[in-house]
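Engineer: Give me a 3D structure for the following:
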Amino acid sequence: MNHTEQSFEVLPTTDPHTYALPQEAVVTHLHLQLSADFESKALSGSATWTYTAHESATHIHFDTDGLTIEKVSHANSAEAEWELADRDQHLGSRLTITLDDSAFRKENSSLTIHYTTSPQAAAVQWLPKEQTAGKAHPFMFTQSQAILARTWIPVQDSPGIRFTYDADIECPKELMALMSASN
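Structural biologist: Below you'll find the predicted structure:
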């Protein structure tokens, strides 16, 4: 049994709270590039996902909710075919990306999703400066529990799907972006 087959066998096959099908294709790393716009209360940029897909996989699925998907591209910069399903009131929308080339069905393939959040993203709290301690600058934070990460990142939003990440966050020069990672 090769490493790829083994990694798919240990993953959960069903989680009723996600559209992801990790037994077919699962994310392993996220490189996030976002810009925080306090005026429009939106995050915009890209999520570049490294993933592993089973050799028979034809699609990879992500959870989204209220995101505007602008385009999706494979690692070779070729635009990928994608479809955003109608919104379910509890789960949001399934983003399905076609893996139409065997080069995109292997370990450590990647794709980039360009998107913008909604000002109503449930996981993103935008506080005006009047609501902060110093009352000098606005403040924004995210709270992705239980399945709210999909409102600010197109993600395989399930606790059984673990991945590493790094991020580049652009914000006004007087502010500092902090995450649960090294700054």
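Engineer: Please name the nearest non-neighbouring residue to Phe163.
Structural biologist: Distance criterion C-beta to C-beta, 6 or more residues apart in numbering; nearest residue to Phe163, sequence neighbours excluded, is Val27 at 5.0 Å. In short, each C-beta sits where N, CA and C put it, glycine included.
Engineer: Would you mind measuring from the one you found to Leu67?
Structural biologist: 16 Å (C-beta to C-beta, to the nearest Å).
Engineer: Comparing these two, which shows the higher neighbour count?
Structural biologist: Leu67 (26 against 23; other C-beta atoms under 10 Å).
Engineer: pretty sure that one contacts Ala122?
Structural biologist: No. Using C-beta atoms under 8 Å, Leu67 is not in contact with Ala122, being 11.8 Å away.
Engineer: any common contacting residues for the two?
Structural biologist: With contacts defined as C-beta atoms under 8 Å, 6 or more residues apart in numbering, the residues shared by Leu67 and Ala122 are Thr151.
Engineer: How many neighbouring residues does Glu107 have?
Structural biologist: 13.
Engineer: Ala121 too?
Structural biologist: 22.
Engineer: and it, helix, strand or coil?
Structural biologist: Under DSSP: H, G, I helix; E, B strand; the rest coil, Ala121 falls in the coil class.
Engineer: ok, now Thr18?
Structural biologist: Under three-state DSSP, the three-state class of Thr18 is coil.
Engineer: all helices of the protein, in order?
Structural biologist: In the chain, the helices defined using DSSP state H lie at 3-9.
Engineer: tell me which helix or strand of the protein sits lowest on mean pLDDT?
Structural biologist: helix 3-9 (a mean of 45; mean pLDDT, DSSP states H and E).
Engineer: got any ranges where this structure has weak pLDDT?
Structural biologist: 1-13, 102-103, 181-183 (pLDDT under 70).
Engineer: And the strands in this protein?
Structural biologist: Assigned by DSSP state E, the chain shows strands spanning 25-37, 42-53, 59-64, 68-74, 82-84, 93-98, 109-116, 124-127, 139-142, 164-170.
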